[in-house]
Every structure is written in structure tokens, then in C-alpha cells.
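Peer 1: Based on what follows, work out the 3D shape:
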Amino acid sequence: MPHNFRLILPVFFLLLAGCSHVPNELQTAERIMDTHPDSALHILQQIPPGKKMSESNRALYGLLLLQALDNNNKKLQPDSLIDFSISHYIRENDNPHLSRCYFYKGCMLMGVQHYDEATVLLLKALDYLKYQKNYALLGRIYANLGDISSIQMDYKESRKKYLLALENSNRSGKTKDANYAILSIGRTYHFEKDFKTAQQYYQKALAHSIDSMLVGAVYQDIGINFYSDEQLDSAQLYLQKSLLYPFKGNSYAIRCRNLADVFFNKELLDSAYHYATLALKYPINFFTQRECYRILINIEFRRKDIKQMGIYMSHFQSCTDSIREVESQTKSTVLEALHKTTEDADSNKKQNTILGILIFVILALGFKVLYKMQKHHKKENAHTEERLNEQKVNIRMDVMLKQRDTLLDKIEEIKDEQANERKKATPSARETMDRELYNHLIHFDDSEFFFRQMDAILNNLVSKLNSRYLAITPKEMTWCCLHLLNIPNSDMLLLLNYKPESLIKMKQRLAQKTKLTSSTDLNDFLHGILYEE
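Peer 2: A predicted model of the protein is given here:
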């Protein structure tokens, strides 16, 4: 009987919605959203897209539709509806609805891997929650911000966000969300290769969970943790168990991809091929997709099928290019700093408005008093703007320096990994390895792509030099970029195909073209262009 009741209940709500007006349908959907999200979604989908409704109902419809899709683990779309809702609630100064709108649009952008735009919207959602006690929504926002930081490999910042998510989820009584936060904290330790601590958090999440989707996610992460710790049998056991549980988003593809890795390492190529190709049939992101093609390339190499291997390699490169676009997005920590700066500026503007009103009130006190207050007011504005500009410049410089340091760290990391191979290699082979390294990291042989990438990293350095000094050659321009990236001199000589004396002459010619008295001035000259507005 209870089973039959569950089947009848959604039909009852649909019939109820079909016999009512739009406001009643929306109220019904909102009322049952948390308890029967599938029924709420059916009700909303029964409302014809072109049905005439008031502006307030249309705004609520756009918000509820996204919320229902999210609660049913479906793709969030379209954004035109939520954009209308946001515009309406801004005009109405409706902070509770605005915070939810920004949250769900942020979720939508995360789904298409626009993490920088999603971060901005999630931070706005936090702004509108300042004076509310919606701890459940706060928990989800911090969890999403933690996911973005984790994807951007800022695991300490990610852990801070997950702890806030855990705190707010516990305050709201959302046990399931709290357990997901515990699971996510475990993942940050896994990514830092602290497999023991990660396992402790996974077991803690598993011990308090009765939700099948969460259990599947925990088994998935335990399996991945065992795989990273080279315990292949345990990894296979838990990953295969995770396939039996429901999933959200690209989780099933992740499980299959990791199983494929396990079987490949066990030399079970047919099983590895099965799970790698199976993963590609499910919702998947660029990172998991690329790993699937990596496995398939290795399998076809073992099978000596060079033609098929070439096909997979082209797919692998396409995914790599897409990942580079994702990785080039502004980091969430930078966006948070900018958001805080903008928030401070808005606060200053409000204070200035109040000050202006006060000035107007005291006009009767005399021209002299007014003149002094206006002068002081302008001075304060100038200082505030100067501080804001300085902060923005510093933030941009920090981003550039971090990108440069990350590149240098990757170079050193790859060289360390190749240390044994390099010792045995001939000088010519070592040179080839170095060239391949730089082609992999910065596409050195593709000058158009390389200069475009340098413009993005080095504050439009290439464009600035090209517009001001037409005589600079591509090789001279390349040296400028490598110099500012702090590439070792020996590597620069190799990449530019120069001998030391040739490099000295090139720098002298470059100094003449840029109207410098000596090549020793080039460093200060280039850094001056790098740091300018």
C-alpha cells in the first residue's frame, strides 16, 4: 500500500496543478520542492512556456524550475529564465530570492566548467545572505566554492570552504549535505597524497550515511584512494561496488575511468578498454575524458594498432586544449579578493552619498564650511581610488607571478621525473627531451599560440612591444618572454638555437631597437612594461 501511495502522489499533484491557475501551481511546486522534487518538476514542466503570467510569477517560475532541475540531478537550463528572475528581484530588492537565483545560476555555470563566472555569482549569493539565517543554502554555496578551489588545485583554501559548508549544514540539520562536506574534505587530503587521513574522512562519511547516492560516492573515493596508494585489488573492489549505486553528474564516468586504470595496471587490457569506452558514453568533463583517451592510447599501443592510437591521440589533444582554457580562468581566490575590493568600494560610495546629503543640509552654515568639506571629500575619493587601483595592480601582478612560478615548478617537476632517463641519455637526446618539455608546456614551436599565451600571462607584453617597436624580430620577442618567465639560460640557448656569444649580440641589437644605452638595461625595461597599466 505505501508503495502504491508513492506512485499515486505525483499523479495527484499533477492533476491538482492542471486544474489550477499559475499562482497555485507555483505555490504547490514550491511547497513540495524538498519532499517531492520529482513531482514539483512535473508541475512546473506542465506550465506551457508561452503561458501568460505576471512578472512576479514569471520570476518565481524561473527560479523554481532551476531548483527543481537541481534537486532531480538534471542539467540546469536555460539561463534566460533565471536572468529575468534576477532582474526582477533586483528591482524588488528581494534578497532571499536573489541569493537563491545567484546560487542556481552559479551551479549552471559550474556545470559547463565556467568556474570563474560561477565564483562571481556564488560570492554575490553570499552577499545577499548576509542578514539571513538560511544555513542550508550557505552550506551548499560554500561546498560549491570548495569544489571550484579543489578543481583549481588550491586544496588548503578548498578545505576552508568545506569546513564552512560542514558547519552550516550541521546548523541547518542537513545531515546529507554535512556528510558530503566530510567526503569532500577527505578528497582534499587525497589530492595532497595524504591517503591515510583521506581514508579516515571517507570512513566517517560512510558511517553516518544512509543515502545510496552518497554511499556510492564514498565507495568511489575509497576506490580511487586505494588506487593512488597502489592497492589495486582493494581499488577494484570498491570501484566495482560504487557502480551499483546511483550517481550525480559525471560521477559514473569517473568510476569507470578509474576502473579502467586499475585493469590496465593489472594488464587486463580488454576490461580496461571496456570501462574506458563505457565512461565516454556517460556525462563527462574534459579532465575525465582526457584520462579515458590516455588509457585507450596506451591500450592501442600495447595492441600495436597505430591507426586507432592516432585517432585517440587527436581526441586527447582536443581535451588538453579544452582543459587549458579551463585552467586559464581566473582563480577563485583572486576573484574573492577582487570581490572584497569592490564591496569596500561600494561601501565607500554609500558613505560618500550620506556625506553629500549632510553637506546639502549644512549649506546654510556658510560657503566657507562647504568649500572645506568638498575639498576634503575630493581628497578622500582620490585616496580611495588610488588605493583601489594599487590593490588591483597588486592582484594582477600576483596572478602573473603565480602563473610564472607554476610553469617553472612544472618544468622542474618534469625534469625531476625524467632524472634517471636523462642520466642515461645522450646530450642530443637530452636536448630533444627539453624541447618536447617546452612544447608540451608552452607550445614553443607554435609561435602564434606561444605569443598569444605569453600575452595572457605577461600583461599583453607581446602586443605592447609589437605596437611600439616594429623592428623587433620574433626571435627577439621570444627571448623577452622567456627572460620574464625566468627560464634558465641554458634552456633559452637551446630553444633559441643560440650560442652564448650569439645571445649577447642579439641582446645588444634589441637594446638599440628599444633605444636603450646598454643591454644591461633590458631587464628593467621589460619589467617596466610588464607592470604598467
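Peer 1: Find the residue closest to residue 280 in space, skipping its chain neighbours.
Peer 2: Distance criterion CB to CB, 6 or more residues apart in numbering; nearest residue to residue 280, sequence neighbours excluded, is residue 292 at 5.5 Å. C-beta here means a position set from N, CA and C on the backbone, and glycine is covered the same way.
Peer 1: What is the one helix or strand residue 449 maps to packed up against?
Peer 2: Assigned by DSSP states H and E, residue 449 belongs to helix 447-457. Helix 447-457 sits against helix 367-417, helix 461-468, helix 474-484, with contacts defined as 3 or more CB pairs under 8 Å, 6 or more residues apart in numbering; DSSP states H and E.
Peer 1: returning to what we had before: what's the helix or strand for the residue nearest to residue 280?
Peer 2: Element membership of residue 292, judged by DSSP H and E, is helix 286-303.
Peer 1: so residue 128 makes contact with residue 93?
Peer 2: No: Residue 128 lies out of contact with residue 93 (CB atoms under 8 Å); the separation is 10.1 Å.
Peer 1: Distance check, residue 408 against residue 304.
Peer 2: Separation of residue 408 from residue 304 (CB to CB, to the nearest Å) stands at 38 Å.
Peer 1: between these two, which one's more packed in?
Peer 2: Applying other CB atoms under 10 Å to residue 408 and residue 304 shows that residue 408 carries more neighbours, namely 15 against 7.
Peer 1: If we ignore the residues flanking it in sequence, what's nearest that one?
Peer 2: residue 486 is the one closest to residue 408 (CB to CB, 6+ apart), at 6.1 Å.
Peer 1: try residue 434
Peer 2: Using CB to CB, 6+ apart, the nearest residue to residue 434 is residue 494, at 5.7 Å.
Peer 1: can you pull the buried residues of the helix holding residue 449?
Peer 2: For helix 447-457, the neighbour count (16 or more other CB atoms under 10 Å) marks 450, 451, 453, 454, 455, 457 as buried.
Peer 1: could I get the residues you listed as a markdown table with pLDDT and distance to residue 288?
Peer 2: Putting the buried residues of helix 447-457 into a markdown table (pLDDT from 0 to 100; distance: CB to CB, whole Å) gives the following:
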| residue | pLDDT | distance to residue 288 |
| --- | --- | --- |
| 450 | 86 | 28 |
| 451 | 87 | 31 |
| 453 | 85 | 25 |
| 454 | 87 | 30 |
| 455 | 84 | 30 |
| 457 | 83 | 27 |
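Peer 1: so where is the stretch 251-400 of the chain shaky, pLDDT-wise?
Peer 2: The model of the stretch 251-400 of the chain has pLDDT under 70 over residues 331-332, 340, 342-361, 363-367, 369-370, 373, 381-382, 384, 388-399.
Peer 1: let's see it at 90
Peer 2: Filtered on pLDDT under 90, the stretch 251-400 of the chain yields the residue ranges 283-287, 319-400.
Peer 1: Can you pull the phi/psi pair for residue 76?
Peer 2: phi -80, psi 120 (degrees, to the nearest 10).
Peer 1: least trustworthy helix or strand in the chain by mean pLDDT?
Peer 2: When each helix and strand of the chain is scored by mean pLDDT, DSSP states H and E, helix 2-18 comes last, with a mean of 48.
Peer 1: any low-confidence regions in the stretch 1-150 of the chain?
Peer 2: For the stretch 1-150 of the chain, the stretches with pLDDT under 90 are 1-25, 34-35, 37, 40, 44-53, 62, 70-81, 110-116, 130-133, 150.
Peer 1: which residue ranges form the helices in it?
Peer 2: When secondary structure is read from DSSP state H, counting those that start in this stretch, the stretch 1-150 of the chain shows helices at 2-18, 22-31, 37-45, 55-71, 79-92, 95-111, 115-128, 135-151.
Peer 1: Among those helices, which comes closest to residue 253?
Peer 2: Nearest of these to residue 253, taken as CB to CB: helix 95-111 at 14.1 Å.
Peer 1: how much distance is there from the closest one to the middle of the chain?
Peer 2: Helix 95-111 sits 16 Å away from the centroid of its parent chain (CA atoms, centre = their mean, to the nearest Å).
Peer 1: Also stretch 283-299?
Peer 2: Stretch 283-299 sits 19 Å away from the centroid of its parent chain (CA atoms, centre = their mean).
Peer 1: Enumerate the positions of it that are buried.
Peer 2: Residues 284-299 are the ones in stretch 283-299 that count as buried (16+ other CB under 10 Å).
Peer 1: Out of those residues, give me the two with the largest separation.
Peer 2: So, the buried residues of stretch 283-299 by CB to CB: farthest apart are 285 and 299, at 21.5 Å.
Peer 1: What are the structural domain limits within the protein?
Peer 2: According to automatic domain parsing, the chain comprises the domains 357-406, 443-533.
Peer 1: Which of these sits closest to residue 56?
Peer 2: Closest approach to residue 56 among the domains of the chain is made by domain 357-406 (32.1 Å; CB to CB).
Peer 1: mind saving the C-alpha coords of stretch 116-127 as CSV?
Peer 2: Output in CSV follows, covering the C-alpha atoms of stretch 116-127 (Å, rounded to 0.1, in the frame of the first residue of the first chain):
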residue,chain,number,x,y,z
ASP,A,116,35.4,32.0,-12.8
GLU,A,117,31.9,33.2,-13.7
ALA,A,118,30.4,30.8,-11.3
THR,A,119,32.6,32.0,-8.4
VAL,A,120,31.5,35.6,-9.0
LEU,A,121,27.8,34.6,-8.8
LEU,A,122,28.3,32.4,-5.7
LEU,A,123,30.0,35.3,-4.0
LYS,A,124,27.0,37.5,-4.9
ALA,A,125,24.7,34.9,-3.4
LEU,A,126,26.7,35.1,-0.1
ASP,A,127,26.4,38.9,-0.2
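Peer 1: Run the chain-centre distance for it.
Peer 2: Stretch 116-127 has its C-alpha centroid displaced from the chain centroid by 12 Å (CA atoms, centre = their mean).
Peer 1: ok, back up a step: as TSV, the buried residues of helix 447-457 with distance to residue 201 would be great.
Peer 2: Formatted as TSV, these follow (distance: CB to CB, whole Å):
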residue	distance to residue 201
450	42
451	45
453	38
454	41
455	42
457	36
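Peer 1: Out of those residues, which comes closest to residue 167?
Peer 2: Nearest member of the buried residues of helix 447-457 to residue 167, counting by CB to CB, is residue 457, at 37.1 Å.
Peer 1: Would you check that the closest one makes contact with residue 405?
Peer 2: No: in this structure, residue 457 is not within contact of residue 405 by CB under 8 Å, at 11.2 Å.
Peer 1: about what we covered before: the helix holding residue 292 versus helix 135-151: what angle between them?
Peer 2: Orientation check (axes from the mean of the first three to the mean of the last three CA atoms, to 10 degrees): helix 286-303 against helix 135-151 gives 40 degrees.
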